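Participant: Below is the structure, and that's it, no one-letter string:
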């Protein structure tokens with residue numbers, strides 16, 4: 001009698017085809033102007049449904065997302081954007097504020113059930129908690145940009161904003177801390193892209209040991 005080991009047998013990973021690589025990486029660009037085409041709730045949910053699979057330390061998933069899309073929300077947000085980012089933020093159908101949840105460890109029993117007691121260890125060790133949380137949230141920020149592209153939308157990430165003022169306005173309880181602002185939509189007909197800037201060649205960035 002033989003046992004079925006198929007569940008434990010590794011399978012070959014599939015390579016993303018050239019079209020997929022073009023959409024997510026080689027052909028993707030930071031967008032600076034957007035069309036009037038709306039972004040639906042389903043499209044925004046699609047982004048999160050990809051982002052949630054991002055690898056994080058002990059699966060803690062500390063990234064949080066605030067989608068700003070109402071006129072009232074945009075008016076509040078624009079006050080905190082740097083001058084050079086204000087017009088393109090105003091023109092974007094949706095702007096995502098990506099944030100780090102400083103109390104992410106409260107979800108440990110759900111997301112890391114093999115060691116629910118880790119929540120207490122993180123509660124007791126603030127340095128470890130914030131080190132783990134900030135690092136894992138930063139990974140999620142990068143994944144969010146790629147997920148936006150994979151969902152068929154354009155992303156315009158920006159770090160130019162008044163972080164403390166934005167947090168005081170939108171996250172007054174202090175639990176979420178903003179990391180990056182990302183404009184989301186469909187590219188405008190004119191001025192959507194800047195010229196592509198050079199990338200380092202592999203010999204300048206990669207070594208082998």
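Facilitator: Sure, I can see it. Keep in mind that this is a model prediction, so the values were computed, not measured.
Participant: quick one, what contacts the spatially most central residue of the chain?
Facilitator: Centroid-nearest residue in the chain, with Cα atoms, centre = their mean: residue 144, separated by 2.7 Å. Listed by Cβ atoms under 8 Å, 6 or more residues apart in numbering, the contact set of residue 144 reads 47, 51, 63, 65, 96, 98, 155, 182. Bear in mind the C-beta positions are built from the backbone N, C-alpha and C, glycine included.
Participant: Which two among those are spaced furthest apart?
Facilitator: Farthest pair in the contacts of residue 144 (Cβ to Cβ) is 63 and 155. Separation: 14.8 Å.
Participant: how about the helix or strand hosting residue 141: buried residues?
Facilitator: Assigned by DSSP states H and E, residue 141 falls within helix 126-150. Buried residues in helix 126-150, counted by 16 or more other Cβ atoms under 10 Å: 129-130, 132-133, 136-138, 140-141, 143-150.
Participant: any chance you could map the helices in the protein?
Facilitator: Ranges of helices within the chain are 18-21, 41-51, 71-78, 83-91, 108-111, 118-124, 126-150, 163-170, 202-205, based on DSSP state H.
Participant: nearest to residue 186, of those?
Facilitator: Among the helices of the chain, the nearest to residue 186 by Cβ to Cβ is helix 41-51 (9.9 Å).
Participant: tilt between the closest one and helix 126-150?
Facilitator: 130 degrees (axes from the mean of the first three to the mean of the last three Cα atoms, to 10 degrees).
Participant: Give me the contacts around helix 41-51.
Facilitator: With contact meaning Cβ under 8 Å, 6+ apart, helix 41-51 is reached by 63, 65, 67, 94, 140, 143-144, 147-148, 150-153, 184.
Participant: which of the residues in that helix are buried?
Facilitator: Across helix 41-51, burial judged by 16+ other Cβ under 10 Å covers 43-44, 46-47, 50-51.
Participant: Please apply the same query to stretch 110-126.
Facilitator: Buried positions in stretch 110-126, judged by neighbour count with 16+ other Cβ under 10 Å: 112, 118-119, 122.
Participant: Any idea what the closest residue in space to residue 134 that isn't next to it in sequence is bridged to?
Facilitator: Spatial nearest neighbour of residue 134, excluding adjacent residues (Cβ to Cβ, 6 or more residues apart in numbering): residue 100 at 5.9 Å. Per DSSP bridges, the residues bridged to residue 100 are residue 63, residue 177.
Participant: which residues does residue 100 contact?
Facilitator: By Cβ under 8 Å, 6+ apart, the neighbours of residue 100 are 62-64, 133-134, 137, 176-177, 179.
Participant: From residue 34, how far off is the nearest residue to residue 95 once chain neighbours are set aside?
Facilitator: Nearest residue to residue 95 in three dimensions, chain neighbours excluded: residue 68, at 4.6 Å (Cβ to Cβ, 6+ apart). For residue 68, the distance to residue 34 (Cβ to Cβ, to the nearest Å) stands at 14 Å.
Participant: Between those two, tell me which one has more neighbours.
Facilitator: Neighbours were counted for residue 68 and for residue 34 using other Cβ atoms under 10 Å; residue 34 has more, 24 against 21.
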